[in-house]
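[1] quick one, what's the 3D model for this:
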Amino acid sequence: MVRAASARTAIEEFKNHIGGEWVVSRASDRFDNINPADTTDTVGRFQASSAADAEAAVRAAATAFAPWRATSISARAKVLNGAADYLEKNAARFAEEMTREMGKPLGQAKDEFLRSAQCLRFYAVEGQSFTGETFPNDDADMLVYSQREPLGVVTVITPWNFPVSIPARKIAPALITGNTVVFKPSSDAPLSGLRLAEAFIAAGIPKGVLNFITGSAGVVGPAITAASDVKAISFTGSTAAGEQIHRSVSFTTRTQMELGGKNPLIVMEDADLDKAVDLAIKGGLSLSGQACTGTSRILVMKDVKAAFTEKLVAKVKTLKIGSGMTPGMDLGPIATARQLETILRYIEIGKREATLLCGGERLTGPGYDGGYYVSPAVFTDVTQEMRIAREEIFGPVLALIEVTSYADAIAKANDTEYGLSAAIATRNPRTMHDFARDIESGTVKINRTTTGNLINAPFGGLKRSSTSTFRESGRTGLEFYTQIKTVYRGC
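    Now for the predicted structure:
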């Protein structure tokens with residue numbers, strides 16, 4: 001495998017990892033990974049893999065399954081802990097690469113690597129006590145118990161916005177329970193995913209247990225999802241892509257789809273408005289709004305809307321926008337040219353539908369030329385039928401919607417096809433209690449941002465935000481990767 005070059009003028013080329021070997025694609029095509037803060041900077045060159053490459057990765061995983069399944073649980077845990085050690089040791093260097101390839105501020109990138117290492121350690125422990133049950137019965141000569149077994153080959157397909165933490169929370173429980181993995185990261189942030197695979201390799205994972213492949217989803221996707229050897233697929237990405245995968249595979253293939261969101265923050269009349277503004281900005285504009293759990297709708301009580309809006313706009317205007325490599329930046333660039341175009345298109349739609357209070361401009365000039373920068377947009381006079389209130393934008397765009405009561409706020413918050421994350425700002429314990437019951441969302445936040453979730457707590461959405469079958473994260477995250485047998489044993 002080609003290591004990092006000393007000068008940026010030399011473009012690094014990275015390979016796939018299949019069957020324990022770093023290999024080039026059987027096709028001759030490559031693709032470049034571009035720095036969104038400076039499009040003259042090529043972060044690396046990756047394999048534009050063919051269907052044949054993808055098929056080879058699945059075969060390697062299938063071949064490795066039996067011996068890995070037979071590997072002791074303590075040996076599997078040792079691999080996870082070793083990978084965690086590797087991520088921690090190299091977090092600072094890898095964070096710079098992540099910032100270069102997808103724009104995340106450097107501090108957040110480093111935190112992601114450290115958090116991912118923590119995730120691996122969590123599953124190294126939890127996986128060693130994840131087992132079946134024994135069941136009482138009336139026959140003294142019979143023992144009845146259940147046992148959990150791995151599924152086989154698992155395909156992991158992940159997005160660019162959290163290119164290490166999302167695959168870590170999928171791959172770790174898959175491996176600790178005895179499955180083998182084919183991992184395809186987003187083509188917009190493949191290097192960070194490669195570093196995660198590299199961590200497992202450095203920890204001594206056996207050949208074929210974890211296979212890493214890059215390339216177009218349209219080319220390699222069918223081979224790593226529809227193959228008969230693939231027993232489960234864990235995917236995070238857009239709702240459209242997740243539904244397409246879900247429809248295309250056999251009903252015997254287990255799927256875990258974590259998809260889009262249109263996440264609301266309700267601001268009640270008794271809320272601390274300064275804190276509510278912080279929740280809106282941190283939830284909606286962190287990572288330049290490119291988080292599936294990001295706040296995009298702010299439902300504000302009529303009595304406090306004017307005061308809240310004034311505070312929100314004033315604070316948004318103070319946010320610093322620039323390269324994630326520059327200390328003190330609040331927002332980095334948009335991750336890709338395609339995503340920038342989408343965001344700017346929705347901002348134009350919003351201008352026709354509602355009232356733009358600030359932002360929404362493509363930034364140019366010193367520090368911005370050559371990068372994908374847009375100032376965060378705040379819209380008001382937004383109503384339920386507007387596209388900016390209903391469609392996922394995945395960018396720094398906040399839509400203010402007036403509500404007149406708690407019941408009105410809940411009705412409008414739930415009036416969406418999505419149900420990923422939702423938050424409320426209030427001081428009233430009764431309202432907090434009712435909100436947790438009434439909101440149609442897999443993640444519920446009270447006086448907290450819609451973004452963020454614990455490693456040891458379940459995560460997932462409702463409605464079209466998820467298949468709502470198996471949750472990720474926490475001990476519950478192990479369930480997707482195992483199947484249950486019930487055993488009746490007589491004397």
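[2] okay, now the domains of this structure?
    Per automatic domain parsing, the domain ranges recorded for the chain read 16-259+466-490, 263-455.
[3] now render those as CSV, adding mean pLDDT, distance to residue 10 and mean neighbour count.
    (Each C-beta comes from the backbone N, C-alpha and C, glycine too.) Output for the domains of the chain, formatted as CSV (pLDDT from 0 to 100; distance: least, C-beta to C-beta, whole Å; neighbours: other C-beta atoms under 10 Å):
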stretch, mean pLDDT, distance to residue 10, mean neighbour count
domain 16-259+466-490, 96, 10, 20
domain 263-455, 97, 20, 20
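[4] all strands of the stretch 51-200 of the chain, in order?
    134-135, 142-150, 153-157, 180-184 (DSSP state E, counting those that start in this stretch).
[5] kindly present those strands as TSV, with separate columns for distance to residue 336.
    What follows is the strands of the stretch 51-200 of the chain, written out as TSV (distance: least, C-beta to C-beta, whole Å):
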stretch	distance to residue 336
strand 134-135	52
strand 142-150	35
strand 153-157	17
strand 180-184	17
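[6] residue 262: which of the ones you listed is closest?
    Nearest to residue 262 among those is strand 153-157 (22.3 Å), distances taken as C-beta to C-beta.
[7] how far off centre is the closest one?
    On the basis of C-alpha atoms, centre = their mean, to the nearest Å, strand 153-157 sits 15 Å off its chain's mean C-alpha point.
[8] which residues touch that strand?
    For strand 153-157, contacts defined as C-beta atoms under 8 Å, 6 or more residues apart in numbering pick out 58, 61-62, 65, 167, 170-171, 174, 179-184, 217, 221, 224-225, 227, 229-237, 245, 481.
[9] quick one: strands adjacent to it?
    According to DSSP bridges, strand 153-157 forms sheet pairs with strand 180-184 (parallel), strand 230-236 (parallel).
[10] which one of those strands lies nearest to residue 254?
    strand 230-236 (4.0 Å).
[11] what's the angle from that closest one to strand 142-150?
    Per axes from the mean of the first three to the mean of the last three C-alpha atoms, to 10 degrees, the angle that strand 230-236 makes with strand 142-150 is 60 degrees.
[12] then the next helix or strand after strand 230-236 to CSV, C-alphas only?
    Tracing the chain C-terminally past strand 230-236 and defining elements by DSSP states H and E, one meets helix 239-248 next. This file holds the C-alpha atoms of helix 239-248, laid out as CSV (Å, rounded to 0.1, in the frame of the first residue of the first chain):
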residue,chain,number,x,y,z
THR,A,239,-33.7,7.4,2.1
ALA,A,240,-33.8,6.9,-1.7
ALA,A,241,-30.6,4.8,-1.8
GLY,A,242,-31.6,2.8,1.3
GLU,A,243,-35.0,2.0,-0.1
GLN,A,244,-33.5,0.9,-3.4
ILE,A,245,-31.1,-1.5,-1.7
HIS,A,246,-33.9,-2.8,0.5
ARG,A,247,-36.1,-3.6,-2.5
SER,A,248,-33.3,-5.1,-4.5
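[13] which outside residues touch the helix or strand just after helix 239-248?
    Next in sequence after helix 239-248, counting helices and strands by DSSP H and E, comes strand 254-258. Residues outside strand 254-258 that contact it (C-beta under 8 Å, 6+ apart): 151, 170, 231-236, 242-243, 245-246, 249, 292, 459-461, 465-467, 469-470, 472, 480.
[14] same check, this time on stretch 88-104
    4, 33, 35-37, 41, 43-44, 87, 105-106, 109-110, 112-114, 117, 160-161, 163-164, 188-192, 195, 287-288, 323-325, 332-335, 372.
[15] now do it: distance to the chain's middle.
    On C-alpha atoms, centre = their mean, the centre of stretch 88-104 falls 17 Å from the chain's centre.
[16] now swap in stretch 304-322 and tell me
    Worked out by C-alpha atoms, centre = their mean, stretch 304-322 lies 27 Å from the chain centre.
[17] repeat that for stretch 211-219.
    Using C-alpha atoms, centre = their mean, the offset of stretch 211-219 from its chain centre is 18 Å.
[18] same question for stretch 363-381.
    So, by C-alpha atoms, centre = their mean, the centroid of stretch 363-381 is 24 Å from its chain's centroid.
[19] start to end distance for that stretch?
    By C-alpha to C-alpha, to the nearest Å, the extent of stretch 363-381 from end to end equals 25 Å.
[20] do the same with stretch 322-334
    10 Å.
[21] now swap in stretch 157-165 and tell me
    Using C-alpha to C-alpha, one end of stretch 157-165 lies 13 Å from the other.
[22] cool, stretch 475-488 as well?
    End-to-end for stretch 475-488, by C-alpha to C-alpha: 27 Å.
[23] could you do stretch 209-217 as well?
    Stretch 209-217: ends 21 Å apart by C-alpha to C-alpha.
[24] ok, now stretch 129-146?
    Span of stretch 129-146 from end to end, C-alpha to C-alpha: 14 Å.
[25] all helices for the stretch 151-300 of the chain, in order.
    165-176, 190-202, 217-225, 239-248, 273-285 (DSSP state H, counting those that start in this stretch).
[26] let me redo that: the stretch 301-450 of the chain
    302-316, 337-353, 387-390, 406-414, 429-438.
[27] would you put the C-alpha positions of the shortest one in CSV?
    The C-alpha trace of helix 387-390 is given here as CSV (Å, rounded to 0.1, in the frame of the first residue of the first chain):
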residue,chain,number,x,y,z
ARG,A,387,-40.3,22.2,0.2
ILE,A,388,-37.8,23.7,2.6
ALA,A,389,-40.0,22.4,5.5
ARG,A,390,-40.5,18.9,4.1
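[28] would you check how far apart the residue positioned nearest the centre of the chain and residue 116 are?
    Centroid check for the chain by C-alpha atoms, centre = their mean gives residue 166 as the closest residue, at 4.6 Å. Remark: distance between residue 166 and residue 116 (C-beta to C-beta, to the nearest Å) = 9 Å.
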